[in-house]
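1. could you look at this predicted model? Sequence included:
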Amino acid sequence: MSGNRVCCTQFWLRKLHSLTGFLFLGYFLFLHVQGETVYGSPAFKLLFLYVPLVFHGFYGLFITYESSPNLFRYPSARNWMYVGQRATGLFLILFIPLHLGDMFGGAAYGLSSWYAALWYAGLLAAVFHLANGLFGTVIDWGITVGPHSQRVFVALSLGAFVLLSAYGLYTLSLF
């Protein structure tokens, strides 16, 4: 009975993980790369940004820890995306506190220094993580079950990555 609870709990935690990534963090990132202020109220920031971000980050670390990449045995595109998802997640765990410190803590690294390259990498990592995570979410939630619908959504995810990256890089270049 205990094994079933763990399995059931992990099932719902993974659903919540994908939901927080798509709904809360995806919405935030979509607006943030446009340079817009999101969640002006501290209460909304706490509930709809920081709590989902902390949960998504920590549970993502757990998922990464228990993952078993088989990239060298099967170097397919999906395996590269699987590894890329975990690698960008780990990078973002390190980058986001640095980014927040610069934005709110007055760290003043400035975009003319080494931090500019890091900031561009953080933007691309976050957008890749979102676009690839959307693909995983629609499979996980049973929205794209067949090979054709999955190919269509791969194209949509790639398009979202390109458009959001281009817009984010343009916005970042204005600073």
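-> The structure has been received and is ready for your questions.

2. confidence score at residue 139?
-> Taken from the predicted model, the pLDDT recorded for residue 139 is 88.

3. and it, helix, strand or coil?
-> Remark: residue 139 carries the secondary structure label helix [criterion: DSSP: H, G, I helix; E, B strand; the rest coil].

4. my read: it touches residue 150, true?
-> Yes - under the criterion of CB atoms under 8 Å, residue 139 makes contact with residue 150 at 6.7 Å. (Glycine included, C-beta is placed from N, CA and C.)

5. ranges for the helices of this protein?
-> Using DSSP state H, the helices found in the chain span residues 2-19, 26-32, 42-45, 51-66, 77-104, 114-140, 147-173.

6. CSV for those helices, including mean neighbour count?
-> Written out in CSV, the entries for those read as follows (neighbours: other CB atoms under 10 Å):
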stretch, mean neighbour count
helix 2-19, 12
helix 26-32, 17
helix 42-45, 11
helix 51-66, 15
helix 77-104, 15
helix 114-140, 19
helix 147-173, 14
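
7. by mean pLDDT, show me the worst of those helices.
-> Looking at the helices of the chain, the bottom one is helix 2-19 with a mean of 79.

8. go ahead and confirm residue 90 touches residue 65.
-> No - using CB under 8 Å, residue 90 is not in contact with residue 65; the gap is 10.4 Å.

9. need the residues touching each of those two.
-> When contacts are counted by CB atoms under 8 Å, 6 or more residues apart in numbering, residue 90 and residue 65 have no shared neighbour.
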